[in-house]
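S.K.: Predicted model and sequence below, questions to follow.
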Amino acid sequence: MCVTALYNVAVQIGTNRIVMSGSKFHYPMGRPDLPPEDEKEWRLRQTRATLAILEKPVEGVTVFTQQDLFP
Amino acid sequence: MIKVIHYMNQFGAGFGSEDKADMALGSFDGPKGAGIAFQGFFGDRAVIVKTIYAGDNYANEFKEDFLNEAMEIIRAVKPDVLLAGPAFNSGRYGLACGSLLKRAKEEFGVPGVAGFGPDNPGIAEYKKDCYGILTGAAANSMRQAIAPMAGLALKLGGGETPGPARQEGYIPRGIRLNVYTGKSSAVRATEMALARVAGQKWETELPRVVYDKVAPPAPLADLSKATIALVSEGGVVPLGNPDHMETNNSTKWRPYALSGDELTPGAFEVRHGGYLTQDVTKCPDRMVPYDALRTLEKQGIIGKAHPEMLSASGSMANLSTMQRLGREMGIYLKQKAVDAVLLTAT
């Protein structure tokens, strides 16, 4: 599974489980704008929700948005 | 007279099958097996002076010895061109053919022609380094492989540079050659568009890359029992970049051991030519979220955080090289009993 801000590239090459980064290209798992403790908490929630996707079946190339991660 | 050396595996050279796959490299004078058919095609235009053979396991497991021994022979014989195989769909055989032709090209500038079946991994690995002729899947298509392989070898051995793949019939090498046409790109594009609208035949100058379709792996049955590894194309490497990892056009990946509960700031640097790296340099977990993975391990949400990251730079990446890196990483992670990968990318 892949987490990326450039999800269209991941789609193009045929990645099956794609998670759209909740942040930016330069730091897909970071939020430098937040205080360090809040950033750590944010990353933990992102990582946990992302890994939960590994338990979901997919038929082919599938993009999971932040809304899919946190409905 | 064009001088040719022909390479075959233990089966092609008539020694035996899988039971002889460990046999070391050796050689005969003159043609043997498929080489006799090649020689028949050549007539008196070229002569197969030597046949080199080796077992498929030997050629792959002792690749350096295999290549060095083969180069000794090539150095002594000074052939004008090499033939290898045809390997059909035999993977190890195809890889041996490709690696030998690649090394001979690099060391002596001797060109080579190999025969690959449609599913041979030698194509993806070596199509740039030799001229591959597409054969059938198995040895019963030998007869059809002889003329195209031998014909191209004659051309190369005679010092000619073959034309584009679609004219010459070899496997496209992914190399674009500049050609003068006398017409500007605007004129050519307009002509193509008009031909297309008129339903006439036209041909693109820039074929689109075709990507592999990979069937999605089954979901994890239980995340809380799974070992998860972190892989990243973000170029995070230990400080000092001990393996000289490339910032662009990566040709390699490395596993780096992780300890503690996070990627210690100051212990890593970023080698990547495609993004502003300062924020990841300050806090590498922003690219490789090991801190979160460790916490999830402690909380029992995942079974285990694999204590390594696999790192490379994906900047200006070459597709076929990245396919190789991916294959190698996959094999490595399977050996480490990793169940799933979280790959973070820019």
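M.R.: Looks like it came in fine. Remember, predicted model here, so these are calculated numbers, not experimental data. Residues are numbered from 1 along each chain as shown, chains lettered A, B, ... in the order given.

S.K.: tally of neighbours for B:L206?
M.R.: If you count neighbours by other C-beta atoms under 10 Å in any protein chain shown, B:L206 ends up with 6. C-beta here means a position set from N, CA and C on the backbone, and glycine is covered the same way.

S.K.: where does it land in three-state SS?
M.R.: Three-state assignment for B:L206 (DSSP: H, G, I helix; E, B strand; the rest coil): coil.

S.K.: Tell me which residues touch it, please.
M.R.: For B:L206, no contacting residues are found, by C-beta atoms under 8 Å, 6 or more residues apart in numbering or on different chains.

S.K.: Please report the distance of it from chain A.
M.R.: 16 Å (C-beta to the nearest C-beta, to the nearest Å).

S.K.: If you count neighbours, what's buried in the one helix or strand B:S320 maps to?
M.R.: Secondary structure from DSSP states H and E places B:S320 in helix B:319-335. With burial defined by 16 or more other C-beta atoms under 10 Å in any protein chain shown, the residues of helix B:319-335 counted as buried are B:S320, B:T321, B:M322, B:Q323, B:R324, B:L325, B:G326, B:M329, B:L333.

S.K.: What residue, apart from its backbone neighbours, is nearest the third one spatially?
M.R.: Residue nearest to B:M322 in three dimensions, not counting chain neighbours: B:G314, with 7.1 Å by C-beta to C-beta, 6 or more residues apart in numbering or on different chains.

S.K.: Over to the fifth one?
M.R.: When the adjacent residues along the chain are set aside, B:R324 lies closest to B:E125, with 6.5 Å between them (C-beta to C-beta, 6+ apart).

S.K.: what about the one you found, which helix or strand?
M.R.: helix B:121-126.

S.K.: Ok, A:A10 next?
M.R.: helix A:7-12.

S.K.: which residues are in contact with that helix?
M.R.: By C-beta under 8 Å, 6+ apart, helix A:7-12 touches A:C2, A:T4, A:I18, A:M20, A:S21, A:V61, A:V63, B:Y211, B:A345.

S.K.: Looking at those residues, which gets the smallest pLDDT?
M.R.: In terms of pLDDT, the weakest of those is B:Y211, which scores 81.

S.K.: Could you double-check that that residue sits in contact with A:G14?
M.R.: Yes - under the criterion of C-beta atoms under 8 Å, B:Y211 makes contact with A:G14 at 5.0 Å.

S.K.: excluding its backbone neighbours, what's nearest the closest residue to chain B within chain A?
M.R.: Proximity of chain A to chain B (C-beta to the nearest C-beta) peaks at A:G30, 2.6 Å away. Excluding the flanking residues, the one nearest A:G30 by C-beta to C-beta, 6+ apart is B:R286, at 2.6 Å.

S.K.: got a list of what the one you found touches?
M.R.: B:R286 neighbours (C-beta under 8 Å, 6+ apart): A:Y27, A:P28, A:M29, A:G30, A:P32, A:R43, B:D279, B:V280.

S.K.: Now with 6 Å, please.
M.R.: A:Y27, A:M29, A:G30, B:V280 (C-beta atoms under 6 Å, 6 or more residues apart in numbering or on different chains).

S.K.: which element follows the worst-scoring helix or strand of chain A on mean pLDDT toward the C-terminus?
M.R.: Sorting the helices and strands of chain A by mean pLDDT, DSSP states H and E puts helix A:7-12 at the bottom, at a mean of 89. Using DSSP H and E, the helix or strand that directly follows helix A:7-12 along the chain is strand A:17-20.

S.K.: now check that next one, is it near chain B?
M.R.: No - Strand A:17-20 lies out of reach of chain B by C-beta under 6 Å from any C-beta of the partner chain, never closer than 7.0 Å.

S.K.: and the next helix or strand after that strand, how far from the chain's centre?
M.R.: Sequence order places helix A:36-52 as the next helix or strand after strand A:17-20, per DSSP H and E. Helix A:36-52 sits 10 Å away from the centroid of its parent chain (C-alpha atoms, centre = their mean, to the nearest Å).

S.K.: Check what contacts helix A:36-52 and list those residues.
M.R.: Against helix A:36-52 from outside (C-beta under 6 Å, 6+ apart): A:V3, A:V19, A:G22, A:M29, A:R31, A:L69, B:P289, B:A292, B:T295, B:L296.

S.K.: Now do the buried residues in whichever strand or helix holds the last one.
M.R.: By that I understand B:L296. Assigned by DSSP H and E, B:L296 belongs to helix B:290-298. Within helix B:290-298, the residues that count as buried by 16+ other C-beta under 10 Å are B:Y290, B:D291, B:A292, B:L293, B:R294, B:T295, B:L296, B:E297.
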